[in-house]
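J.: Please find the sequence and the predicted model below.
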Amino acid sequence: GRISKPGKPFPGGLTYGAKSYHPDPVDVPPLHPRCRCELEPLVSREYADALRREADRSVLRGFSLESEPMRVRVEAAERLLARGVDA
């Protein structure tokens, strides 16, 4: 759900994890180990907002490919809630 103009980097430091592996801007994903982000052409701002909202909701629900322990998923959900995410 993040938008970058052609030829411009994506913001760095974004993660659901405890620490960012890429604090500086990056040209393309992945942003962290086991990153499942993909590049998609922008359909609309609403579409990008919906993608970000669904990613937040899946973290809050604890959906996982079993790549993280439950403790890691709970901590990610707590960080989202502390930021006041509207999911």
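T.: Alright, I've got the coordinates. Numbers count the residues shown, from 1 in each chain.
J.: tell me the pLDDT at Glu75?
T.: As summarised for this prediction, Glu75 has a pLDDT of 88.
J.: Quick check: closest non-adjacent residue to Thr15.
T.: Leaving aside its chain neighbours, Thr15 sits nearest to His32 (5.5 Å; criterion: C-beta to C-beta, 6 or more residues apart in numbering). Where you see a C-beta, it was placed from the backbone N, CA and C, and this is true even at glycine.
J.: My understanding was that that neighbour contacts Ala18; is that so?
T.: No: counting by C-beta atoms under 8 Å, His32 does not reach Ala18; the two are 10.6 Å apart.
J.: remind me which residues of the protein are low pLDDT?
T.: Per-residue confidence for the chain (pLDDT under 70) gives these ranges: 63-67, 87.
J.: before we move on, the earlier item: would you double-check that the residue nearest to Thr15 falls in a strand?
T.: No: under the criterion used here (DSSP: H, G, I helix; E, B strand; the rest coil), His32 is coil, not part of a strand.
J.: For it, the count of nearby residues, please.
T.: Other residues near His32 number 16, with proximity taken as other C-beta atoms under 10 Å.
J.: quick one: contacts for it?
T.: Taking C-beta atoms under 8 Å, 6 or more residues apart in numbering as the criterion, His32 is in contact with 15, 17, 20-22.
J.: where does it sit relative to Arg45, distance-wise?
T.: 25 Å (C-beta to C-beta, to the nearest Å).
J.: doesn't Phe10 make contact with Asp27?
T.: Yes: taking C-beta under 8 Å as the definition, Asp27 is a contact partner of Phe10 at 7.4 Å.
J.: Neighbour count: these two, which is higher?
T.: Here Asp27 and Phe10 are set side by side on neighbour count (other C-beta under 10 Å), and the busier one is Phe10, at 17 against 9.
J.: partner residues bridging that one?
T.: Val26 (DSSP bridges).
J.: Let me know whether it touches Val28 as I believe.
T.: Yes: the pair formed by Phe10 and Val28 meets the contact definition of C-beta under 8 Å, at 7.5 Å.
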